[in-house]
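J.: Next come a sequence and a model predicted from it.
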Amino acid sequence: MVSSPKVPSATQTAQTQSEYNQNTATTQQLLNMVNQDTPYGNISYNQTGTSTYTGADGKTYSVPQFTQTTTLNPQQQSTLDQSQQAATNIASTANNLSSTGLSQLSQPVDTSGAPALQTSLGSGYTSTLGNDYSTNLGSGYTSNIGNGYTTSLGSDYNTSFGGDVSQAYNDAKNAVMDQYTPTLDRNAEATRAQELASGVRAGSAAYSANEQTIGDNYTRAANQATQTAQSVQNQLFNQQQQQAAYTDSALLNQANFTNNSALNQAQFGNSALLNQLNSQNNAALNSAQFGNSALLNSANFNNSANSQWLQNYYTQRDQPLNELSALLSGSQVQNAAGTTSSTPSTQVAGTDYSSLVNQQYQNKYQQYQNTLSGISSLGTGLLSFL
């Protein structure tokens, strides 16, 4: 009859796995402990005993103990000795400094000797410019040009010009006609006398032509007199216009001169007052700034002296602490053995006994299942033949 495979004992499996692990660790340790021989010295491993411990199964197990021995060559040994002596000296110095040099740190901080800190500039400092500074130009400053300035050109200024020039026109025309008329009369009398001598009678064509000529002469003389009178009249008009323009220009120039003089005088006076006021105010401002700057510089100097004193005081007070800190935080002396090669490390894979046992059980159990399946199939086949 087919039976199921027995389940492996967990305790037995664990104990066996522990023995395998110990064997692996011991083997790996023995492989790693390789003696070294270097230019700086040598390292050797020697078994100096065993250690025992009790396992989970209650049994007592023994494991070997080894000692690593490092031997330096004479030069490296001398370097190590001197380095250790230097470290000892530093430690001794730091110890003495901590017991004696730091004793002053137990004393309270005393800054009574520091120059006084100035927080006020005193009564001499001013934020006002005083009575010497003025914002008023005084009564001498004027915004009015005064009586010397005029906006009127006076009664002599002409807005119209000229008188009645018709009389001049008539006088000129009469003068011309008085000049031409005697000649015209003589010529007319001579023409009529010649007509009588020639037998030209009144009413004839020749008589009418002669009369027409005499009338045309008088007409041309009258036209010439009119032109001359108009020319005289225009000349007189132009003279009156020029006279009025000259008079008005003179009055205007005189008014402009007077007004410019008054304006310049007022501006000069105001400018002089303004310059005087600016000079006075600048002097007051510069005086106040100079005094304030001197007080501020003095206060800064005093406070700088206070700051420098405190800095020097705390530097002297902290100096022993800084020196001790430098001694205690200095770089450590290198061990000469550090120049030898490190111990090789060989990795030995451990035996996974637990997994092997479990896999064996799984294989047997699978074989058991297959056997049962085969028997079942065989029985089914026999029944089908009955």
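T.: Perfect, thanks for sending it.
J.: Helix or strand next in line after the longest helix seen in the chain, which one?
T.: What stands out as the longest helix in the chain, according to DSSP state H, is helix 205-328. Scanning forward in sequence from helix 205-328 by DSSP states H and E, the next helix or strand is helix 353-383.
J.: chain center to the longest helix of the chain, what's the gap?
T.: Distance of helix 205-328 from the chain centroid (Cα atoms, centre = their mean, to the nearest Å) equals 41 Å.
J.: again with stretch 78-98
T.: Centroid separation for stretch 78-98 versus its chain: 56 Å, with Cα atoms, centre = their mean.
J.: All further residue positions should be reported with the first residue as 558.
T.: Happy to do that; since the first residue is 558 now, the last one works out to stretch 635-655.
J.: for that stretch, what is the average pLDDT?
T.: Averaging pLDDT along stretch 635-655 yields 84.
J.: Ok, stretch 915-933 next?
T.: 78.
J.: So what's the residue count around the nearest residue to residue 917 once chain neighbours are set aside?
T.: Closest residue in space to residue 917, ignoring its immediate chain neighbours: residue 565 at 7.8 Å, by Cβ to Cβ, 6 or more residues apart in numbering. All C-beta atoms are positioned from the backbone trio N, CA, C, and that covers glycine. If you count neighbours by other Cβ atoms under 10 Å, residue 565 ends up with 15.
J.: quick one, phi/psi of residue 565?
T.: Main-chain dihedrals, residue 565, degrees, to the nearest 10: phi -60, psi 150.
J.: Could you measure from it over to residue 910?
T.: Distance, residue 565 to residue 910, using Cβ to Cβ, to the nearest Å: 11 Å.
J.: Need phi/psi at residue 623.
T.: Phi and psi for residue 623, reported as degrees, to the nearest 10, are phi -120, psi 150.
J.: Looks like it contacts residue 603 (just checking).
T.: Yes. With contact defined as Cβ atoms under 8 Å, residue 623 and residue 603 form a contacting pair (6.5 Å).
J.: between those two, who's got more neighbours?
T.: Counted by other Cβ under 10 Å, residue 623 and residue 603 do not tie: residue 623 has more neighbours, with 14 against 11.
J.: What's opposite the more buried one in the beta bridge?
T.: For residue 623, the beta-bridge partners are residue 604 (DSSP bridges).
J.: Distance check, it against residue 590.
T.: Here residue 623 is placed at a distance of 6 Å from residue 590 (Cβ to Cβ).
J.: Residue 777 too?
T.: Going from residue 777 to residue 590 by Cβ to Cβ gives 165 Å.
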